[in-house]
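Trainee: I'd like to go over a predicted model; first the sequence, then the structure.
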Amino acid sequence: MSRVGLVSRFLASAFAASVAFAAIDASAQDLNAMHEAGMHFDRGVTLYGETDYPAALVEFKRAYALSPNSAVLYNIGEAQYQLQDYASALGTFTRYLGEAPPGSAHRAEVETDIEVLRTRVGHLTIVTVPPGADVSVDDRPLGKTPFGDHLLVSVGHRKVTAVLPGRAPATRFVDVAADDNVTVSLELPATTSDAASRASDPTAQAQARGPSGASFALRTLGWVSTGVLAAGAAGAGALALRESADLKAERNMFPASPATLQEESNRTLTYSILADSLTAAAVVVGGITLLSTLTSPAARHGSEGAAARLRLTPTWMDFEATF
């Protein structure tokens, strides 16, 4: 006789015996619940015998909710086994061994089934970014992340879905073999409406700018400083050239005044030193800013970022910058 035939023969009798013992001290309300549970149980037995296992499982679960007892728990496990939901069947049969009396007629059978079922399950370690998402496997809810331990699942091709309000759902398909421990990471991106809400929030905007916004401000200051220093260097260079020409003219005059020559010489030297110092400062600041610009995220990703061009001579300067 098949497994289905053997099981269906004992289902009704086992439940009836459980109800008979439980009814001895039961109240009227309890008796009504057990009567209703018995009707659901009988429907489950009929559906199980017709191999309509999904419907039978629903009826058995309703009967157990109304009147919990190990006989119905056994039937739930059998229906799950027939549906090839090995992980659920393993969990149900394990509970059955904890609830059924030592002399239960199905204990030895369930122990054998558990050994088989352990070769038909694997484990999933599920992580979501951000945490707190509702997770389901094959559309069966399992709870919220983070989970304290890995999850028991049946072997095969499994569908893992994570849902979080304000985020787009994330789904992955994984293959799980016996004894596997597969890690599944699901990132839930913000929806368009959530992104728009963050865009209108000044605090969120400040957080989004973060270090990148500060770096952009420093680069801008660097280019402005470079321009100011370069302009100063060009001006000082022009003054140095003018004083140098005046000094040359004064030397060609006869008789030349020693005091005037010394004064012209000092001014020429001062402007020359100032022009050299400003040029060196412009080169240093411009070089640092250029390096920062070329290594910025925008430049690394090929998007339009900051660019600059600076050309200097003692009498002429060309500076161009784009941010």
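Mentor: Structure received.
Trainee: show me the shaky parts of the stretch 51-200 of the chain.
Mentor: Applying pLDDT under 70 to the stretch 51-200 of the chain flags the ranges 192-200.
Trainee: how about the helices in it?
Mentor: Assigned by DSSP state H, counting those that start in this stretch, the stretch 51-200 of the chain shows helices spanning 53-66, 70-82, 86-99, 107-117, 192-199.
Trainee: domain map for the chain?
Mentor: Taking automatic domain parsing as the criterion, the chain consists of the domains 3-117, 121-193, 213-322.
Trainee: dump the ones you listed to a markdown table, plus mean neighbour count.
Mentor: Every C-beta, even on glycine, is put in place using the N, C-alpha and C of the backbone. Below are the domains of the chain laid out as a markdown table (neighbours: other CB atoms under 10 Å):
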| stretch | mean neighbour count |
| --- | --- |
| domain 3-117 | 18 |
| domain 121-193 | 15 |
| domain 213-322 | 15 |
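Trainee: among the helices of the stretch 51-200 of the chain, which is nearest residue 272?
Mentor: Closest approach to residue 272 among the helices of the stretch 51-200 of the chain (CB to CB): helix 192-199, 53.9 Å.
Trainee: tell me the helix or strand right after that closest one.
Mentor: For helix 192-199, the following helix or strand on the C-terminal side (DSSP states H and E) is helix 202-252.
Trainee: average pLDDT across that following helix?
Mentor: Averaging pLDDT along helix 202-252 gives 73.
Trainee: counting by contacts, list what it packs against.
Mentor: Judged by 3 or more CB pairs under 8 Å, 6 or more residues apart in numbering; DSSP states H and E, the packing partners of helix 202-252 are helix 192-199, helix 258-294, strand 307-313, strand 316-322.
Trainee: try it again with 7 Å
Mentor: Judged by 3 or more CB pairs under 7 Å, 6 or more residues apart in numbering; DSSP states H and E, the packing partners of helix 202-252 are helix 258-294, strand 307-313, strand 316-322.
Trainee: chain center to it, what's the gap?
Mentor: The gap between where helix 202-252 is centred and where its chain is centred comes out at 44 Å by CA atoms, centre = their mean, to the nearest Å.
Trainee: show me what contacts the spatially most central residue of the chain?
Mentor: Nearest residue to the geometric centre of the chain (CA atoms, centre = their mean): residue 129, 2.2 Å. Shown in contact with residue 129 (CB atoms under 7 Å, 6 or more residues apart in numbering): 187-188.
Trainee: ok, now the one 5 residues further on?
Mentor: For residue 134, the residues meeting the contact criterion (CB under 7 Å, 6+ apart) are 141, 144, 163.
Trainee: one more pass at 8 Å, please.
Mentor: Applying CB atoms under 8 Å, 6 or more residues apart in numbering, one finds that residue 134 lies in contact with 141, 143-144, 162-164.
Trainee: tabulate those residues in CSV, adding columns for distance to residue 258.
Mentor: Output for these, formatted as CSV (distance: CB to CB, whole Å):
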residue, distance to residue 258
141, 101
143, 97
144, 93
162, 90
163, 93
164, 88
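Trainee: show me these that map onto strands.
Mentor: 141, 143-144, 162-163 (DSSP state E).
Trainee: farthest pair within those?
Mentor: Largest pairwise distance in the ones in strands among the contacts of residue 134, by CB to CB, is 12.0 Å, between 143 and 163.
Trainee: my guess is residue 181 contacts residue 151, does it?
Mentor: No: Residue 181 lies out of contact with residue 151 (CB atoms under 8 Å); the separation is 10.1 Å.
Trainee: please enumerate the shared neighbours of these two.
Mentor: With CB under 8 Å, 6+ apart, residue 181 and residue 151 have common neighbours 123-125.
Trainee: now residue 230, nearest residue through space, not along the chain?
Mentor: Take residue 230 and drop its neighbours on the chain: the residue closest to it by CB to CB, 6 or more residues apart in numbering is residue 282, 4.3 Å away.
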